[in-house]
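Colleague: give me coordinates for this.
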Amino acid sequence: MRTIATAVTLLATTALLTSCTEEQAYCVDLAGYAAGATGVDPTKAADYVKILDDAKKLQESAPADVKDDWAVVVTFAEKAQKAGSDRVELARLSRQTGTVLTAYKAITTHAKDACKVDLPALN
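Modeller: Prediction:
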């Protein structure tokens, strides 16, 4: 009986450590992202393209609190990349910057509170 209790305790501890490790890995990746996201302007599609790959990785590893917010940022960046220099499409995208800014603010707040990482403000 003692062996079963020890095994259950070990499994619970392993699960707890794994979740901490995943959160810590996200925070480390987020710090790297912060360095590359300096000066990103939501009105310039090319700026989102610069950080798209990192944002996709963070979307995959993000905690549930901000996973949807990362999806908003990534979706916008993908659309911006696809639009390229098409002024009509870029004008359509510019109408979405409010939603992107709201999502990014949630990500920024979570980054500061949970990871102690300061993300650069979007201009």
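
Colleague: can you give me how far stretch 52-61 is from the chain middle?
Modeller: 6 Å (CA atoms, centre = their mean, to the nearest Å).

Colleague: buried stuff in it?
Modeller: 52, 54-55, 57-59, 61 (16 or more other CB atoms under 10 Å). (C-beta placed from N, C-alpha, C; glycine too.)

Colleague: where along this structure do the strands fall?
Modeller: Counting by DSSP state E, the chain forms no strands at all.

Colleague: in it, which helix or strand is least confident?
Modeller: helix 2-36 (a mean of 60; mean pLDDT, DSSP states H and E).

Colleague: okay, now the unreliable bits of the protein?
Modeller: Low-confidence segments of the chain (pLDDT under 70): 1-21, 42-43, 45, 48-49, 123.

Colleague: keeping just the C-alphas, turn stretch 99-106 into CSV.
Modeller: C-alpha atoms of stretch 99-106 as CSV (Å, rounded to 0.1, in the frame of the first residue of the first chain):
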residue,chain,number,x,y,z
THR,A,99,-8.4,44.3,-31.8
VAL,A,100,-4.7,43.5,-32.2
LEU,A,101,-3.8,46.2,-29.7
THR,A,102,-6.3,44.9,-27.2
ALA,A,103,-5.0,41.3,-27.5
TYR,A,104,-1.4,42.6,-27.3
LYS,A,105,-2.3,44.5,-24.1
ALA,A,106,-3.6,41.3,-22.5
